[in-house]
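[1] What follows is a predicted structure for the sequence shown.
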Amino acid sequence: MASPSTSNSVPAVEERPEGPGDELQMRKRRDETQWKRNLAKRKRNSGQEYVGLNTGKTVAAKQVGPPCGCPKGCFLKLGEEAVQRIFSEYWKMGDYNAQSAYIVTMVLSKEVKTSGVGAGSRRKATLEYGVNVDSKRVVVCKKAFLSIHALSDKRVLTVLKKLGDTVLTVLPTAALLKVLTNT
Ligand SMILES: [Zn+2]
């Protein structure tokens, strides 16, 4: 703020020692911030350790989560090697939209008929989680899916919600991609 100057003839001109230099420095700072932001984003999308720009906190690198431990034994069924491969393929994409597109092709919304006596039968959608092993879809439980990709439940739900169930079941992959990348 301006100093409460009582001195006599100080011209009321803002001190601006080196105009162009200031601008250059500001631009430099802006570029640096942008660069840092991009780097953090790239690291985050690749599952690498990064420092959150707003929080200043270090976020640990992604790694395969604990085995599901469900009766189907999804992890055993796939084998450690396949699990690691799926994990690294996913994070190698390094692109949020591509990863979203992958998620929607792997998580299918299935309509199941629940047979309820008395209440009558009604239709209900459940999610079927799968992974690709040797270009074949292998159905796994939700916990396994999240662990294999080191994903949070929220991340998956956000992607699915964004598309909506109808889109999900109707559109082919190419169209899904378009929907995702256009937003
Ligand atoms: Zn399982």
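    Perfect, I can see it now.

[2] what does the protein put close to the ion?
    Along the chain, the residues adjacent to the ion under the rule Cβ under 5 Å from the ion are 68, 70, 72, 74, 141, 144. C-beta here means a position set from N, CA and C on the backbone, and glycine is covered the same way.

[3] Pull up the gap between the second one and Q34, please.
    The one in question is C70. 44 Å (Cβ to Cβ, to the nearest Å).

[4] These two: who's more crowded?
    Shown here are C70 and Q34; by other Cβ atoms under 10 Å, C70 has more neighbours (13 against 10).

[5] The more buried one should be in a strand, yeah?
    No: counting by DSSP: H, G, I helix; E, B strand; the rest coil, C70 is not part of a strand but coil.

[6] show me the contacts for it.
    141, 143-144 (Cβ atoms under 8 Å, 6 or more residues apart in numbering).

[7] Reformat the residues of the chain next to the ion as TSV; add pLDDT and distance to Y129.
    TSV is the format used below for the residues of the chain next to the ion (pLDDT from 0 to 100; distance: Cβ to Cβ, whole Å):
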residue	pLDDT	distance to Y129
C68	96	10
C70	96	11
K72	95	11
C74	97	9
C141	97	7
A144	98	7
